[in-house]
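# For reference, the sequence and a predicted model appear below.
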Amino acid sequence: MSGLLPHLPALIVVTPLLGGVLAPLCGKGPTKAWALATAVTWVTFALTCWLAVSVYDQGTAQYFVGTWGVGSAPGPLGAKDWTGIVGIELRVDRLNALVLCLVAGMTAVITPYARLSVAKEIPHDRLHFFYAVWLLCLTGLLGITVTGDAFNLYVLIEISSLTTYILVALGKSRDKRALTAAIRYLFMGTVGASFLLLGIGYLFMCTGTLNMAEMATRVAELRDQRGIHTAFAFVLAGLSLKMALFPVHQWLPKAYAYSPTAVSAFLASTATKVAIYGAFRFLFTVFGTEFSFGVLDANSLLIACSCIAILYGSLVAIRQSDLKRLLAYSSVAQVGYMVLGMALANREALTGTLVHMVNHALVKGAMFLAVGCMIYRLGSAKVSDLNGLGKRMPLTTVCLIVGCLGLVGVPLTGGFVSKWYLVQGALRAGLWPVAVVLLVGSLLAVLYAMRIVEPLVFGKAPEGEEVREAPPSMLLPTAALLVGSLVLGVSGSLKTGLIWTATGDLLGVGQ
Amino acid sequence: MSQPPPQEHRPGFDDADNVVLTKLAALLIPFILIYGFYVQVHGDFGPGGGFQAGVILASAYILYALVHGVRRAQRLLPRKITDVTAPLGVVIYAGVGVVTLLQGGHLLDYDVLDPQHTQHAQEWGMFLVEAGVGLTVASVMATIFNEIAEQ
């Protein structure tokens, strides 16, 4: 078994890839492809956990695909040292080990849930393709996180985006508007990916390498070149589109609202997080903290955008009548929190961002899953459907309420810890208006959370048909995510252990 | 599957019998296929490879479908087959990677396929991987064409 250890970075991408292409060969029907997908996601999760443990014990793991780039192997043009220049390098440090665990873990929890939910929202003869695309999307997301090669990162972003468009469009049998949502996302996503590709192209032109670690050392010498500045602008614009930062967030609400609910949960808890990881990688590793925030002053732009995102997202969320749209606009605001922490670029704020990333994945995933339970029993999820749901579906109600508390950031939930760190970071950066925005954002979150909680608890159930509680195979994953969020809020080891050291690595300071 | 009810003749979809077109296609298709296979196996020496070859091979199918009608083309190459061959190509690609892992090398490190003759092993690895790419690309091109033609 220990022979597998050095190959883990490759295996966590190959496993879901093989699963994804084997799923359509399983044949039609709701069960076989789902069973395969569940098994594959859990194996992948186990592998990422194993990798994360070894990375935290022994430091960064490197892997050269096809041994291209290993110093001793002669290149095709004679015995030159090709280390990390020609081949694709997979590189896992503490930061992406954390993101890998998050992405694989969320998928592993959501896939068992997907069986009933997806079977109800997608035509049955498409189900085996659904799980194929689901696993391929996971492949793309894990690949983005694991790779140390800039062009490889672009290719994998395209893989995850193309599969995401399909997943969103599959919501059409529940709501035809899923098709326009998917097309809108396709247009915006393609523009974003093109910007990113242009940026990587400029970087390659200036530095002559695609390996990110190699790029970082050369960018440091070339920081006055126009090409590098242009590359920075393109990369930042492309990644902002992918993570749905305020002015370019328009694809997100519709894509989340009309896709199948399991897909909404999956995207909300993984896709934007991976894009934010990509921004971390480029801003902090490739361009370097000093260049991104010192020479080019990207932080004032990012802080402005994210503050508007927090206020705008929360305000619009309050006015929504559809639960999935409400949660989607809340996601726009939460992306603002995460980018804000990144732009403040001190250790407290970065820790806040990473804790918020984990917490938001857990809570928003759980909220979408709970809404999926409602859709499974009621057929829709409007705010008016919440009336008296407390008596009819008590367990779903508990999940929704705990989720709301997590979104607001009540003490004992992970949201409290992350916002605490973010406020500390803002104060340490000397930007007290930003701290005020953070607190106002939380107050607005209370308002939209109240729109969910109030009818749940005090609303009167409409007369008529009996509604049963959602099945346990859907409730258990929902509850598991919420328990995860509570553990994050109470236990100190995750934030002081994994995340604190990861942010230390990013900023290049000691433990 | 039950037979769909008879509909009016759909030009381009049902069987067509234009003598000039069918004879021309009969002349062209063998050459297209041979050229496709040439590009496929030539990939590890020069310009070419699975992507280009897959598209060329699929263009033979598409030409046949345009001339003889989509229905007859689908009798020749049923969608059931392309639905299997499309993922199968990726399985071949990833399978080569897994085999190199099992032989003790890195992912897609072809040298371990034949450690005594590494150049030979590189050729084999590349050939197999490109075969997988070609299979997938050709199947997906045919699927996209069928998908549009059936609308």
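The structure has been received and is ready for your questions.
# Every contact and neighbour count from this point should use C-alpha atoms.
Will do.
# Contact partners for the residue in chain B that chain A sits nearest to?
Using CA to the nearest CA, the single residue of chain B nearest to chain A is B:Asp109, 3.7 Å away. If you count contacts by CA atoms under 8 Å, 6 or more residues apart in numbering or on different chains, B:Asp109 has them with A:Val65, A:Gly66, A:Thr67, B:Gly97, B:Thr100.
# Phi, psi for it please.
The phi/psi pair for B:Asp109 (degrees, to the nearest 10) reads phi -90, psi 90.
# Could I get the pLDDT score of it?
Model confidence at B:Asp109, given as pLDDT, is 81.
# Neighbour-wise, give me the winner out of the contacts of B:Asp109.
B:Gly97 (25 neighbours; other CA atoms under 10 Å in any protein chain shown).
# returning to what we had before: possible to save the contacts of B:Asp109 as JSON lines with pLDDT and secondary structure?
JSON lines is the format used below for the contacts of B:Asp109 (pLDDT from 0 to 100; DSSP: H, G, I helix; E, B strand; the rest coil):
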{"residue": "A:Val65", "pLDDT": "81", "secondary structure": "helix"}
{"residue": "A:Gly66", "pLDDT": "75", "secondary structure": "helix"}
{"residue": "A:Thr67", "pLDDT": "69", "secondary structure": "helix"}
{"residue": "B:Gly97", "pLDDT": "90", "secondary structure": "helix"}
{"residue": "B:Thr100", "pLDDT": "88", "secondary structure": "helix"}
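# Looking at these, which two lie furthest apart in space?
By the measure CA to CA, A:Thr67 and B:Gly97 form the most distant pair in the contacts of B:Asp109, at 12.0 Å.
# Any regions of chain A where pLDDT drops low?
Within chain A, the stretches with pLDDT under 70 are A:1-2, A:67-85, A:464-465, A:492-496, A:510-511.
# And the strands in it, which stretches?
Listed in chain order, the strands of chain A (DSSP state E) span residues A:61-64, A:89-92.
# Neighbours of residue 42, how many?
Looking at chain A here, since you left the chain open. A:Trp42: 18 surrounding residues under other CA under 10 Å.
# um, chain B though
16.
# For it, which non-adjacent residue is spatially closest?
Nearest in space to B:His42, with sequence neighbours left out and distances taken as CA to CA, 6 or more residues apart in numbering or on different chains, is B:Gly48 at 6.2 Å.
# With B:Leu57 instead?
In space, and not counting its chain neighbours, B:Leu57 is closest to B:Gly36: 5.3 Å by CA to CA, 6+ apart.
# separation between that neighbour and B:Leu66?
19 Å (CA to CA, to the nearest Å).
# So those two - more neighbours on which side?
Per other CA under 10 Å, whichever of B:Gly36 and B:Leu66 has more neighbours is B:Gly36, with 25 against 20.
# Shouldn't the more buried one be within a strand?
No. In this structure, B:Gly36 is helix, not part of a strand, as judged by DSSP: H, G, I helix; E, B strand; the rest coil.
# ok, it - contacts?
With contact taken as CA under 8 Å, 6+ apart, B:Gly36 is in contact with B:Gln52, B:Ala53, B:Gly54, B:Ile56, B:Leu57.
# let's go with 6 Å and repeat that
B:Ala53, B:Ile56, B:Leu57 (CA atoms under 6 Å, 6 or more residues apart in numbering or on different chains).
# same deal with B:Ile29?
B:Ala60.
# tell me which element it is part of?
helix B:19-42 (DSSP states H and E).
# count of residues packed around residue 102?
Using chain A here. By other CA under 10 Å, the residues close to A:Leu102 number 25.
# ah, no, chain B please
For B:Leu102, the count of nearby residues is 13 (other CA under 10 Å).
# Tell me the spacing between it and A:Lys242.
Taking CA to CA as the measure, B:Leu102 falls 37 Å from A:Lys242.
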